[in-house]
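Asker: sequence-free structure coming up:
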C-alpha cells in the first residue's frame with residue numbers, strides 16, 4: 001500500500017516517482033494507493049493523468065477526505081471578523097472622541113497584535129511538518145481498514161510531503177506491516193533550511209521535533225530508500241549505529257516509452273536563428289537563477305553573445321523569496337533575452353523541453369540532491385547546462401556525459417558554459433544517447449522491487465503481495 005499526497009491530479013515531481021513505481025513494478029504486486037480526493041489538490045486546472053498506470057492490473061486507488069483544522073479556523077476567524085467589525089468601528093470612534101486619550105486604541109492594538117502572534121504560532125503547528133498533516137488521522141484509520149481487508153504485506157511512502165511518513169510510521173506500529181520509506185530530499189539536515197531552522201525559538205523547537213520524527217521513521221522502517229547515492233551515504237553515516245543494509249539508493253530514471261514517441265525523439269523545434277535555453281520547474285529558496293542572469297548580462301555587455309541569437313526561458317512557479325528575480329532581469333534590460341512563463345501541465349512541460357536546444361539544471365546549495373527533471377531531460381537528447389556545487393550529485397551525473405556543469409559561484413565559468421553550448425548546442429547528443437541507458441527507469445524500478453523484496457529477507461516475491 002502506497003500512502004501519498006503526490007498523486008494525480010497533482011503534477012508534482014513526487015507524483016512522477018509514484019506513477020513510475022505503479023507503472024513498472026511487476027504484476028507480482030497488487031498495489032493499493034491511499035491518497036486524497038481530487039478536490040484537495042492545488043492547480044486543478046493543470047490536472048495530470050495516470051501516465052499508463054490505468055492499464056496496470058492489480059492497481060486500486062482509494063481516495064479519502066481530510067479534516068483541515070487550519071482552514072476551519074481561518075473560516076471561523078473571518079466570520080468573527082465580520083461580526084466584530086461594527087464593534088471595532090465603535091471602539092475607534094470612541095477613542096477619536098477622547099482628546100488625548102489613546103489608551104483604548106492602545107489596548108485594541110495590543111489585543112490584535114497578541115491575537116495575530118497566537119494565530120501565527122497556531123498556524124505553524126497546525127501545518128507541521130507540512131499542510132497535509134491534517135490528513136494523518138483519517139489516512140491512518142483508512143490504512144488500518146485496508147490492511148485488514150486486503151491482507152496488505154507492506155506499506156510505503158515517499159517524502160516530501162513528510163506527513164506521509166508520519167502516517168506510515170503509525171501504520172507500522174499499529175498493524176506490524178513491513179515498512180519502506182523513500183527520501184527524495186534531505187529532511188532534518190536539509191541545507192536549504194539551515195538558516196531558517198536556527199532563526200527563532202519556534203523554528204529551533206520545530207527542528208528538534210523534525211529530528212525526533214526522522215529518527216523514529218528511520219528506526220522503524222525495514223528499508224530506507226534514497227534518490228541518490230550521496231543522500232544514502234549521508235543518512236547511513238548519521239545513523240551509523242543502525243544496520244547499514246537498511247539504507248538503499250534507487251535513482252529516478254527516464255521513461256523509455258517517451259523515447260518511442262516520435263513527437264519528441266530527435267526533434268529540434270527551436271525558434272529560427274535562436275538557441276533556446278530552458279529551465280523547467282519551480283524556482284524557490286536556493287534554486288535561484290540570479291547568478292545565471294548576471295552571467296548572461298555580462299556576456300551581452302562584453303559582446304560575447306548576440307542577444308538576437310539566444311533566449312533563456314524559466315517555466316514554472318517563482319517562489320515569494322525569489323519574487324525579485326524577474327524584476328532584476330527587467331532592470332538589466334533583458335526582457336528580450338530572458339522570459340518567465342507561469343506553471344504549465346506536465347505534458348506541456350515536455351513540449352517545452354522538446355522545443356529547446358539546451359536544458360538548464362539549477363541546483364546550488366544542495367550537493368546531495370539530483371533534480372528528477374534531469375531524467376526527463378534525457379528523453380530529448382538535448383545537452384544540459386547544470387549550475388550547482390562542485391562535487392555534488394549534479395556535477396557527477398551531468399558533466400561531460402550529458403552536458404556542461406558550472407559552479408554557481410563563478411560567473412566567468414557560467415558564462416563560458418553558456419558560450420560553449422550556444423555555439424554548438426548539438427555537441428553532446430551522441431554522448432547523451434550512449435550514456436542515458438544506465439538511467440532507464442525500468443532498471444530503477446527493478447532495483448526498487450528488489451529492495452521491497454529484501455524487506456521480507458527473501459530473494460523472490462510470491463504472486464499476490466500487496
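Answerer: Structure received. On a predicted model such as this, the values are computed, not experimentally measured, just so you know.

Asker: which residues in the stretch 351-466 of the chain form helices?
Answerer: For the stretch 351-466 of the chain, the helices defined by DSSP state H, counting those that start in this stretch cover 373-378, 393-398, 411-423, 429-435, 441-454.

Asker: and the strands in the stretch 1-150 of the chain?
Answerer: Counting by DSSP state E, counting those that start in this stretch, the segments of the stretch 1-150 of the chain that form strands are 2-3, 31-36, 59-64.

Asker: what of the stretch 201-350 of the chain?
Answerer: Under DSSP E, counting those that start in this stretch, the stretch 201-350 of the chain gives strands at 223-226, 247-249, 275-280, 310-315, 338-341.

Asker: how close does residue 408 sit to residue 455?
Answerer: Noted for residue 408: a distance of 38 Å to residue 455, by CB to CB, to the nearest Å. Any C-beta I mention is one placed from the backbone N, CA and C, and that applies to glycine too.

Asker: and these two? Which one has more around it.
Answerer: Neighbours per residue (other CB atoms under 10 Å) separate residue 408 from residue 455, with residue 408 holding more: 23 against 19.

Asker: got the contact list for residue 52?
Answerer: 23, 257 (CB atoms under 8 Å, 6 or more residues apart in numbering).

Asker: and it, what are its phi and psi?
Answerer: Note on residue 52: its backbone torsions stand at phi 90, psi -10 [degrees, to the nearest 10].

Asker: can you check residue 186 too?
Answerer: The phi/psi pair for residue 186 (degrees, to the nearest 10) reads phi -60, psi 160.

Asker: about what we covered before: now the helices of the stretch 351-466 of the chain in a markdown table, with distance to residue 148, mean pLDDT and mean neighbour count?
Answerer: What follows is those, written out as a markdown table (distance: least, CB to CB, whole Å; pLDDT from 0 to 100; neighbours: other CB atoms under 10 Å):
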| stretch | distance to residue 148 | mean pLDDT | mean neighbour count |
| --- | --- | --- | --- |
| helix 373-378 | 37 | 93 | 24 |
| helix 393-398 | 41 | 96 | 21 |
| helix 411-423 | 56 | 97 | 19 |
| helix 429-435 | 47 | 93 | 14 |
| helix 441-454 | 21 | 96 | 18 |
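
Asker: for residue 229, see how far away residue 401 is.
Answerer: Per CB to CB, residue 401 is found 16 Å from residue 229.

Asker: so where's the stretch 101-250 of the chain shaky on pLDDT?
Answerer: 101-125 (pLDDT under 70).

Asker: what ranges do the helices span in it?
Answerer: Per DSSP H, counting those that start in this stretch, the stretch 101-250 of the chain carries helices over the ranges 103-126, 136-150, 163-175, 201-220, 229-238.

Asker: just name the most buried of the ones you listed.
Answerer: helix 163-175 (a mean of 22; mean count of other CB atoms under 10 Å).

Asker: who are the packing partners of it?
Answerer: strand 2-3, helix 136-150, strand 154-159, strand 178-183, helix 201-220 (3 or more CB pairs under 8 Å, 6 or more residues apart in numbering; DSSP states H and E).

Asker: which residues sit against the first one?
Answerer: Here strand 2-3 makes contact (CB under 8 Å, 6+ apart) with 18, 21-22, 31-35, 139, 143, 155-158, 164, 167-168, 171.

Asker: chain neighbours aside, what residue packs nearest to residue 238?
Answerer: residue 189 (7.1 Å; CB to CB, 6 or more residues apart in numbering).

Asker: what's the answer for residue 173, then?
Answerer: Nearest to residue 173 is residue 220, by CB to CB, 6+ apart, at 7.0 Å.

Asker: what residues are up against the one you found?
Answerer: Under the criterion of CB under 8 Å, 6+ apart, the neighbours of residue 220 are 169, 172-173, 179.

Asker: ok, residue 63 next?
Answerer: 35-38.

Asker: let's go with 7 Å and repeat that
Answerer: 35-37 (CB atoms under 7 Å, 6 or more residues apart in numbering).

Asker: export the residues you listed to TSV and tack on pLDDT, neighbour count and distance to residue 440?
Answerer: Formatted as TSV, these follow (pLDDT from 0 to 100; neighbours: other CB atoms under 10 Å; distance: CB to CB, whole Å):
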residue	pLDDT	neighbour count	distance to residue 440
35	97	24	27
36	95	19	31
37	94	10	34
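
Asker: including distance to residue 345, could those go into a markdown table?
Answerer: Shown next, in a markdown table, are the contacts of residue 63 (distance: CB to CB, whole Å):
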| residue | distance to residue 345 |
| --- | --- |
| 35 | 19 |
| 36 | 19 |
| 37 | 20 |
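
Asker: closest to residue 433 out of these?
Answerer: Nearest to residue 433 among the contacts of residue 63: residue 35, at 36.2 Å, using CB to CB.

Asker: how much space between the closest one and residue 14?
Answerer: To residue 14, residue 35 is 12 Å away according to CB to CB.

Asker: for residue 355, same thing?
Answerer: Separation of residue 355 from residue 14 (CB to CB): 25 Å.

Asker: so between those two, which is more surrounded?
Answerer: Taking other CB under 10 Å, residue 355 and residue 14 do not tie; residue 14 has more neighbours (21 against 17).

Asker: per-residue pLDDT of that one, please?
Answerer: We have a pLDDT of 90 for residue 14.

Asker: that one and residue 162 touch, don't they?
Answerer: No. In this structure, residue 14 is not within contact of residue 162 by CB atoms under 7 Å, at 11.3 Å.
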